[in-house]
Each structure stands twice: as structure tokens, then as C-alpha cells.
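Engineer: Okay, predicted coordinates and the sequence, questions at the end:
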Amino acid sequence: MKKAPLHKYQKETGRFPITGQMAEESVLRTSSWIKNGCNGFHMKSPVSNPMSFWTEQDVLQYIVDNHLPICSVYGEVVEDCGDQLDGQMSISDYGLGCDGDCKKYKTTGCKRTGCVCCAYGAHQETKEESRFIRLKKTHPKMYQLLDVIENNGVTYRQAIEWYNDHVEEKYKIWL
């Protein structure tokens, strides 16, 4: 669902895709950026990633500075007064481009989005930040998909509940 549409686009149009990937999003993306830079035209699957060197903080600051609207699921971009911003970093963390009065930002809603019912990484969320509990509150009809999506006669909810019955409390997926 991520790479196949890009390959199809390239094959059908002869054009190379441009994505919004950022190097800080994963070790693989960081190493790819170090190796290929923003424009990996010599790669097996050429691609341009012009935002590779941007950080999440850079994006949030750009949104604030330019008064850009964002999708409602993210809430609002607000200044974060905490010492550490959930592992997010900015170029200002290295003393570059900052006179000591650097601001840090966060969103009041979702930090990240993806496939609505994807449980990847959900075991790392606390009950308070659970994507499924949030989905139940914000989009109850979509939350009902947990009882509709089925594989071999087992619903998605049943699969998660089975998982929860077989793991330690700290690894549970909160529904």
C-alpha cells in the first residue's frame, strides 16, 4: 500500500515519485538519506525525498510560522514547554540556527497517523494514548470495524483480545 502505487505510477508515466519521507522517521530512512541524499536517482527504484533533512520539529514550526491549516485529527500545533518532546528533535538541539530562545512544538491530537485499524506498535501505547480508545471516541463507526474485519472466522477484536490474554500487562493493546 506504500511502495506499489509509486512503482505503478513510475511504470505508467515514466516519471519518478516524490515523497515526503523524513530521515528521522527510521534508521532505514536515515541510512538511505546518508547514502543517496534527497534525490536517489541512481537507485533501483529512483525517488526524490525533498523533505529528508527536515525534522518533525521543523515541520511543526513551519506550520506555525506560516499559519497553515492541518487535518483535524492532529488537533492544533502548540508550543511545548517541557524539557523533552517525546524524543522529537530539532536542529536547534545542536545549537544551530538558534539564539537560545528556541521553541518546541507538539500537536494536541494525534502525533502520527496511518491505517486506522493498524495495531503495529500499539503494544507500546499506554491506555491514555491508545489509538483504539481514541478511535472509539472520535470515530465510533470506524471503531466498529474491529468487529467486522474477519480472517478465518476470527474478528480483529477477537484476535487482539486473544493476544491480550497471552501477554504481560505492559504489552497489552488497549481497546
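Structural biologist: Now that the structure is in, tell me what you want to look at.

Engineer: Ramachandran coordinates for the closest residue to Ile63 other than its chain neighbours?
Structural biologist: The shortest distance from Ile63 to any non-neighbouring residue, by Cβ to Cβ, 6 or more residues apart in numbering, is to Val77 (5.2 Å). C-beta: built from backbone N, CA, C; applies to glycine. Here is the backbone geometry of Val77 (degrees, to the nearest 10): phi -90, psi 120.

Engineer: List the residues that contact Leu135.
Structural biologist: Val116, Cys117, Met142, Tyr143 (Cβ atoms under 8 Å, 6 or more residues apart in numbering).

Engineer: Recalculate using a threshold of 10 Å.
Structural biologist: Val116, Cys117, Lys141, Met142, Tyr143, Gln144, Leu145, Leu146, Leu175 (Cβ atoms under 10 Å, 6 or more residues apart in numbering).

Engineer: and the two most separated of these?
Structural biologist: With Cβ to Cβ as the measure, no two of the contacts of Leu135 lie farther apart than Lys141 and Leu175, at 15.8 Å.

Engineer: So the residue nearest to Ile63 is in contact with Cys71, correct?
Structural biologist: No. Proximity of Val77 to Cys71 does not meet the contact threshold set by Cβ atoms under 10 Å, at 11.5 Å.

Engineer: how near is Lys127 to Lys170?
Structural biologist: 11 Å (Cβ to Cβ, to the nearest Å).

Engineer: With neighbour numbers in mind, choose between Lys141 and Leu175.
Structural biologist: More neighbours surround Leu175 than the other of Lys141 and Leu175, with 17 against 7 (other Cβ atoms under 10 Å).

Engineer: Let me see the backbone angles for the residue nearest the centre of the chain.
Structural biologist: The centre of the chain sits closest to Arg112, judged by Cα atoms, centre = their mean, with a distance of 3.6 Å. Backbone torsions for Arg112, taken as degrees, to the nearest 10, come to phi -140, psi 160.

Engineer: Surely it and Glu56 touch.
Structural biologist: Yes. With contact defined as Cβ under 10 Å, Arg112 counts as touching Glu56 (9.1 Å).

Engineer: list the residues that contact both of these two?
Structural biologist: In contact with both Arg112 and Glu56: Glu25, using Cβ under 10 Å, 6+ apart.

Engineer: List the contacts of the residue nearest to the centre of the chain.
Structural biologist: Contacts of Arg112 (Cβ under 10 Å, 6+ apart): Glu25, Glu56, Tyr74, Gly121, Arg131.

Engineer: Verify the stated contact: the last one with Met142.
Structural biologist: No. In this structure, Arg131 is not within contact of Met142 by Cβ under 10 Å, at 11.2 Å.
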